[in-house]
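Visitor: Whatever this is, show me its structure:
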Amino acid sequence: MEPRQANLLSLIIDDYIKTAEPVGSKYLVETYHLDISSATVRNEMSLLEEEGYLRHAHTSSGRIPTEKAYQYYLKHIVDAPQIVSSEQTLGEEMPHESNKEVALRAIAKRLVQISGETALLAFDQNSSHVTGVSNLFLKPEFQDSAALGELVDQFDSVMSDLFDRASTKPQVFIGSHNPFGDQMTTIIVRYDFPNTEGGILGLVGPMRMDYARNLALLAAAQKIIQEFNEEE
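Guide: Predicted coordinates:
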């Protein structure tokens, strides 16, 4: 992809993540003070659409990112996680709890508060927990969707499948690769506890999620859990 197209795609995705509104060429030029004309931006957006990175919204002349766009964004544009600052944010108001399961539930709840997404937690192969489902109902893309009910219904079986696939490095399942639904993204990471098989921690939300922030939050949560282990 040409540098100018990559920059425009990054701006479009970043803006859509924040606003959930289709992005137009004139809006991009005026909002981000681009030194190219709206006609040039419109042409580049048309090329990105032809290549499968953008699509027209039904009710607007603006465009929105596709699954392919988010895959490219994750691979080429998202910055390395800022683990230190996320760890500080995540650790604020975190209770000091000796019970492992209670501590993990507190971490999941804190992730929900900061990210605005839904947190997933598995303590082992057969014990899982979800919190913050109400956040999904607040997302514009899910307000008229029956997929949320299906998510809740299939939660345990999907978590069991994800348990075997999780690794100590965050994994991202976008759109058609996401077991909860093709309009969603799930990020999961494995955590370890001494003398146990460990578990998984994750966030699920729309494809229009803040990837950099959520990756950093999960990496920070993993680090906090590790420190919790070392204190024992």
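Visitor: Touching, Pro65 and Ile12? I think so.
Guide: Yes - under the criterion of CB atoms under 8 Å, Pro65 makes contact with Ile12 at 6.2 Å. For the C-beta atoms, the positions are set from N, CA and C on the backbone; glycine is no exception.
Visitor: Now do stretch 162-177: distance from first to last residue.
Guide: 12 Å (CA to CA, to the nearest Å).
Visitor: what's the average pLDDT for it?
Guide: Mean pLDDT, stretch 162-177: 90.
Visitor: do stretch 8-28 as well
Guide: 95.
Visitor: And that stretch, what's buried?
Guide: 8-17, 22-25, 27-28 (16 or more other CB atoms under 10 Å).
Visitor: which ones are touching the closest residue to Gly132 other than its chain neighbours?
Guide: In space, and not counting its chain neighbours, Gly132 is closest to Val112: 3.4 Å by CB to CB, 6 or more residues apart in numbering. By CB atoms under 8 Å, 6 or more residues apart in numbering, the residues touching Val112 are Thr118, Ala119, Thr131, Gly132, Asn135.
Visitor: Then Asp79?
Guide: Contacts of Asp79 (CB under 8 Å, 6+ apart): Ala212.
Visitor: Could you measure from it over to Ala220?
Guide: Look at Asp79 and Ala220: by CB to CB, to the nearest Å, they are 15 Å apart.
Visitor: Equivalent analysis for Glu67, please.
Guide: Counting by CB to CB - Glu67 and Ala220 are separated by 27 Å.
Visitor: looking at this structure, which helix or strand is least sure?
Guide: helix 83-91 (a mean of 64; mean pLDDT, DSSP states H and E).
Visitor: returning to that earlier point: that's a strand at the residue nearest to Gly132, yeah?
Guide: No - assigned with DSSP: H, G, I helix; E, B strand; the rest coil, Val112 falls outside any strand and is helix.
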